[in-house]
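[1] Kindly return the folded structure for what I paste below:
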Amino acid sequence: RNLVRGLDNVVLAGCGTTPGVGLPPVLLSGRLAAQRIVGSTGARERGVVAAR
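    Sure thing, here's the model as predicted:
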């Protein structure tokens, strides 16, 4: 639910992408979006550094 049909390289994060109420689902959606971006190998293994 966090991908946009018809648009490549777009991953959504936020309360509308993961069921639930409050901060935990929002944090979970961010984590899921990040995992989609870096893949299953993880950012550290690929040398990717997240911006804050």
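[2] Return the set of buried residues in the lengthiest helix in the chain.
    Assignment by DSSP state H gives helix 23-38 as the longest helix of the chain. Neighbour-count burial for helix 23-38, counted by 16 or more other Cβ atoms under 10 Å, picks out 25, 26, 29, 30, 32, 33. Bear in mind the C-beta positions are built from the backbone N, C-alpha and C, glycine included.
[3] Determine how far it lies from the middle of the whole chain.
    4 Å (Cα atoms, centre = their mean, to the nearest Å).
[4] mind saving the C-alpha coords of it as CSV?
    C-alpha atoms of helix 23-38 as CSV (Å, rounded to 0.1, in the frame of the first residue of the first chain):
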residue,chain,number,x,y,z
LEU,A,23,2.7,7.1,16.4
PRO,A,24,3.7,3.4,16.2
PRO,A,25,2.0,2.7,12.9
VAL,A,26,3.5,5.9,11.4
LEU,A,27,7.0,4.7,12.5
LEU,A,28,6.3,1.3,11.1
SER,A,29,5.3,2.8,7.8
GLY,A,30,8.5,4.7,7.6
ARG,A,31,10.5,1.5,8.3
LEU,A,32,8.6,-0.4,5.6
ALA,A,33,9.2,2.4,3.1
ALA,A,34,12.9,2.5,3.9
GLN,A,35,13.1,-1.3,3.5
ARG,A,36,11.4,-1.0,0.0
ILE,A,37,14.0,1.6,-1.0
VAL,A,38,17.2,-0.2,0.2
